[in-house]
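[1] Build me a structure from this.
(6 chains)
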4 protein chains.
Amino acid sequence: MGQALDERNARQAARTDARVQRRRRQILDAATEVMSTTGFHATSMQAVAERAGISVGLIYQYFGNKDELLVAVIVDILEDFRDQVPAAIAAAGEDPVDRFGAAFRICCQVVEAKREAVTLTYRESRTLPADGLERIKDLELQTAEPIRQAVADGIDAGVFRAVDARLVVHNVLLLAHAWALKHWNLARFLTLDQYIEQEWALLLASVSPRAQ
Amino acid sequence: MGQALDERNARQAARTDARVQRRRRQILDAATEVMSTTGFHATSMQAVAERAGISVGLIYQYFGNKDELLVAVIVDILEDFRDQVPAAIAAAGEDPVDRFGAAFRICCQVVEAKREAVTLTYRESRTLPADGLERIKDLELQTAEPIRQAVADGIDAGVFRAVDARLVVHNVLLLAHAWALKHWNLARFLTLDQYIEQEWALLLASVSPRAQ
Amino acid sequence: MGQALDERNARQAARTDARVQRRRRQILDAATEVMSTTGFHATSMQAVAERAGISVGLIYQYFGNKDELLVAVIVDILEDFRDQVPAAIAAAGEDPVDRFGAAFRICCQVVEAKREAVTLTYRESRTLPADGLERIKDLELQTAEPIRQAVADGIDAGVFRAVDARLVVHNVLLLAHAWALKHWNLARFLTLDQYIEQEWALLLASVSPRAQ
Amino acid sequence: MGQALDERNARQAARTDARVQRRRRQILDAATEVMSTTGFHATSMQAVAERAGISVGLIYQYFGNKDELLVAVIVDILEDFRDQVPAAIAAAGEDPVDRFGAAFRICCQVVEAKREAVTLTYRESRTLPADGLERIKDLELQTAEPIRQAVADGIDAGVFRAVDARLVVHNVLLLAHAWALKHWNLARFLTLDQYIEQEWALLLASVSPRAQ
DNA sequence: CATGAATGAGCATTCATTCAT
DNA sequence: GATGAATGAATGCTCATTCAT
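    Numbers count the residues shown, from 1 in each chain, chains lettered A, B, ... in the order given. This next block holds a predicted model:
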């Protein structure tokens, strides 16, 4: 009997948890859409609620306030990078050059998938309360680390020059983000694939050892 | 007698014009300072007025509204680039590599001089009304052009590979701006001079012809 | 069979009624605690529910709305006075002075027992909807009546001067309530017992016949 | 010439100051009226603004927030007591009994003049932020002091018994306030003058020496 | 009976903008 | 030219109340 009850409670809890997750996602998606287009400050909670098809009050049952919602939106995006980058590197095989290239490529692709949202990240990070900022910087560093490792491995293997790996990673992320930040200009003369290809050529040349 | 009057009016006009310019500058400087620190939306016109030591009302005699003031602030910064970049290139002599290097260096230095303000440019450009946005994109293209020319000259001279000059310029400007955008990270392991030196090495390698 | 059913229903009803009363009391106690401390307006139904260990919705099955809950809380307190005052008077014997004294004492003691709640009564009575207000005034008058009678008896017996009994009762209740209302000040120089003793001396003197 | 300018500025400042005072009073009066009737929490700033015939925003140029406005309203009332009580005592001559009686009478009259507002004081004091509360307690003690002195003088002169003067003052203020707090009941059988007269008789009897 | 997710009206507060002086 | 008092629309957030489960 106790078991039956436990089981029922467990099912109930799972269902509840699923609903909570669905709501969070629903709100997060709506917020990402509206804030990306309109900008954080110009976005009213009312607008987010409308886009999500719920009431204002409900947002506050999932996110403490507007700032926390922004943090959640940005974190949500950065988690994409943090999760996908290592996976892409791992999938690229053993060759350091391939691994490095895969890292750059996936970054650009993630950016393309959430172009407006990436812009939001750049625009609004400064606005954030201190603790949100910490989480964000953390995620950025987590994303950077596997790329840095790939570059370091390449240097060790002698296929890259002895450059500062941290700086190269910085360049990689920056070039990827730029596809969002400067899309108004870049898209006038390049497709994403062209951008990736050409930037990759420059990037590789920048770290390759000079032929003797 | 008519002539005398004209002359008086002209003198009057000049004097007036000078005063107008002084006021504009006074407000612009105040706005740049406050907005750069606090962010555009979090900056009240009252705060700008106080910083400038004038009344709110007076701002509206020089700038139609808050948006226009923001445009003016951003334009003011971008004009720095537009003016200083060609000058630096010209001062660098005839060697395409030197000219290209000078362009990158001056960009970084202008960024350093107005680090917060450059960040402002990135954060708030999207908010702008269409016509302001146009002026800004225009200025960016104007800044880009002399650099592009330097790269194109280098390609023609055979000291650079046949890369897409527009893309290289994009990279140059981006790397310079990054010193402001990612200062929180970069400054942890590099000084500006080190940043310039190392990025320049990468940049040059990226466009240099492969040795046979 | 019908009888058996009736009996079962009756037992059921009694059981139900007992449960209803228990719930009401549970909610009332929680509401009194929270509202007394926090004030009516600053108290959310959520807070009352939490304190009572139940859900918000359940409160609404026992009290129509927040105002009605407040009325119930206040009525609950006033019923204490209405019930205890006559009892204390009856227990004081036949001497009008003793009866009067017992009335004052019990009032002060009831106040002390629910000091915060008494304050609540004063603070929030005005807010109430008309019908709640009526019930409250009624209870106050019911409480006043036995005291008035005691005073009237004393006057008839010649141990009190021919004062307006209603006014004296008003003073008695007021002085008792004041122990709650002005506790911040009074408690700085008096204990409750001292307060009772000294006010009683003044009160008695105020109604005692002047010696010839 | 400098003198003329100074004079103009001075006149300007005075005019400004007068306008500020007029506005403050206008808002304070409106707030007192509305809050007294409706209660603090149920009063919206919009309602205060409308009653004052100004815009909401303007209130915030004179009072930091709603709480501060409430403090100002209450202080405004308490200042009436603090100012008028000593004046009335002084005007009552040298006889301690007269002075004491004058104190009680003026308290009742001030209460009558601002009956609703006095009720507000009782209802909302608890709501206040700590520093506002301090100012209010201070004013109450300032009001009490001259009355206490009058009682003490009476005791020294032998016309009053050796009662605790502080407690008597507490009673005096309480009885005066009660005219507002319990007006719904008292006014049913007494006019203010009757109330003053009869309470005064009781009060005097309570402190008078027993005839031998 | 009991729950608590969901609603949405309501309110304090801010701030760009205007205009009488 | 210059001021700053005055406006009032806009917004984040709360919370009494309902109702599907």
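[2] Run through the residues that contact the residue lying closest to A:I106 once chain neighbours are set aside.
    Spatially, and ignoring its direct neighbours in sequence, A:I106 is nearest to A:A88 (3.7 Å; Cβ to Cβ, 6 or more residues apart in numbering or on different chains). Bear in mind the C-beta positions are built from the backbone N, C-alpha and C, glycine included. Residues near A:A88 by Cβ atoms under 8 Å, 6 or more residues apart in numbering or on different chains: A:102-103, A:105-106.
[3] go on, A:A49?
    Contacts for A:A49 (Cβ under 8 Å, 6+ apart) come out as A:30, A:55-56, A:58-59.
[4] And for A:D76?
    A:28, A:32.
[5] Report the separation between it and A:R115.
    15 Å (Cβ to Cβ, to the nearest Å).
[6] returning to what we had before: generate a ChimeraX selection restricted to the buried subset of the contacts of A:A49.
    Buried members of those, defined by 16 or more other Cβ atoms under 10 Å in any protein chain shown, are picked up in ChimeraX with:
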select /A:30,59
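[7] A:H41 contacts B:H41, correct?
    Yes. At 3.8 Å, A:H41 counts as touching B:H41 under the criterion of Cβ atoms under 8 Å.
[8] Reformat the contacts of A:A49 as CSV; add distance to B:Q46.
    Compiled in CSV, the contacts of A:A49 are given as follows (distance: Cβ to Cβ, whole Å):
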residue, distance to B:Q46
A:A30, 34
A:S55, 34
A:V56, 29
A:L58, 35
A:I59, 31
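[9] where do the helices sit along chain A?
    A:2-38, A:45-52, A:56-59, A:66-91, A:96-113, A:115-124, A:130-156, A:165-181, A:183-186, A:192-207 (DSSP state H).
[10] Pop the domain breakdown of chain A in here.
    A:1-64, A:66-212 (automatic domain parsing).
[11] mind checking the backbone torsions on A:L128?
    The phi/psi pair for A:L128 (degrees, to the nearest 10) reads phi -70, psi 150.
[12] ok, now which ones touch it?
    With Cβ under 8 Å, 6+ apart, A:L128 has these contacts: A:67, A:70-71, A:74, A:136.
[13] Now narrow those to whatever sits close to DNA strand F.
    Counting by Cβ under 7 Å from any atom of the strand, A:D67 from these sit close to DNA strand F.
[14] quick revisit: ranking the domains of chain A by burial, who's on top?
    Of these, the one with the most neighbours on average (mean count of other Cβ atoms under 10 Å in any protein chain shown) is domain A:66-212, at a mean of 18.
[15] quick one: average confidence on that domain?
    The pLDDT scores in domain A:66-212 average 94.
[16] does any part of it sit near DNA strand E?
    No. Domain A:66-212 does not reach DNA strand E (Cβ under 7 Å from any atom of the strand); its nearest approach is 12.7 Å.
[17] so how far is that domain from its chain's centroid?
    Offset of domain A:66-212 from its chain centre (Cα atoms, centre = their mean, to the nearest Å): 9 Å.
[18] now stretch A:59-75
    Between the centre of stretch A:59-75 and the centre of its chain there are 17 Å (Cα atoms, centre = their mean).
[19] Many thanks, I have nothing further to ask.
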